[in-house]
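In: Show me the folded form of this:
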Amino acid sequence: MLSQVIKIEVNGVELLGRLEETLPQWLKRFLMVPLNPSSIHEIVGWWEIRRIPYNLIIGGAGFVSLLLMLGFGSQVVAPGEDVIEPMALFFFGPLILIGANVCYTAGWVLESIPFKNYNGVIFPAYRWTFLAGILFSVGLLMVPGALWTLGYVIDLISKHVH
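Out: Just a heads-up that it's a prediction; the model follows:
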């Protein structure tokens, strides 16, 4: 049986409920989890069916970050200089994807260990682990683009000040 809402109460205070109320309906459906997983295979299956969307999301974030790096970085570096070495893209791009997928696999490995809440009922936390992993991955991938964008803004401001 699937449930969209898992309520956790500690001393009468519901945790995560308010956060869940703010999620769009499609995301709630995507994050639906079995209340009591019957096997490790059910947990692994939940994660693996979401691996392709995960890769598309982080791939998109990496692409946006690369565009920011190239677009704003080329305005900051000296003419003729590369923002990023082309060979570095061929080496680090696949390495980042492999690393992200190793970390993704760690999600279902950790979730396979039964977590218990205060009432002794198994609590599947994977949807929150999944969301936290996506947010962390996207944030990490956006750092280079954000830094080059910030560098560009600082360069613009310093040119107008002088």
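In: Spatially nearest residue to the spatially most central residue of the chain (excluding sequence neighbours)?
Out: Per CA atoms, centre = their mean, the C-alpha nearest to the average position across the chain is that of I134, at 1.3 Å. Leaving out its chain neighbours, the residue that sits closest to I134 by CB to CB, 6 or more residues apart in numbering is I57, at 5.9 Å. For the C-beta atoms, the positions are set from N, CA and C on the backbone; glycine is no exception.
In: Wasn't that neighbour part of a helix?
Out: Yes. The assignment for I57 by DSSP: H, G, I helix; E, B strand; the rest coil puts it in a helix.
In: from now on call the first residue 7
Out: From this message on, residue numbering opens at 7, which makes the last subject I63.
In: Neighbours of it, how many?
Out: Per other CB atoms under 10 Å, the neighbour tally for I63 reads 15.
In: show me what contacts it?
Out: 140, 143-144 (CB atoms under 8 Å, 6 or more residues apart in numbering).
In: Which neighbouring residues are in contact with the residue nearest to the centre of the chain, exactly?
Out: Residues near I140 by CB under 8 Å, 6+ apart: 60, 63-64.
In: hang on, the earlier thing: let me know the pLDDT of the residue nearest to I140.
Out: We note a pLDDT of 92 for I63 in this prediction.
In: any idea which helix or strand carries the residue nearest to the centre of the chain?
Out: Counting by DSSP states H and E, the secondary-structure element that holds I140 is helix 132-167.
In: ok, and for that helix, which residues are buried?
Out: Residues 132-133, 135-136, 139-140, 143-144, 146-148, 150-151, 154-155, 157-158 are the ones in helix 132-167 that count as buried (16 or more other CB atoms under 10 Å).
In: which sections of the chain are below the confidence cut-off?
Out: Counting by pLDDT under 70, the chain has low-confidence residues at 7-26, 39-44, 120-132, 168.
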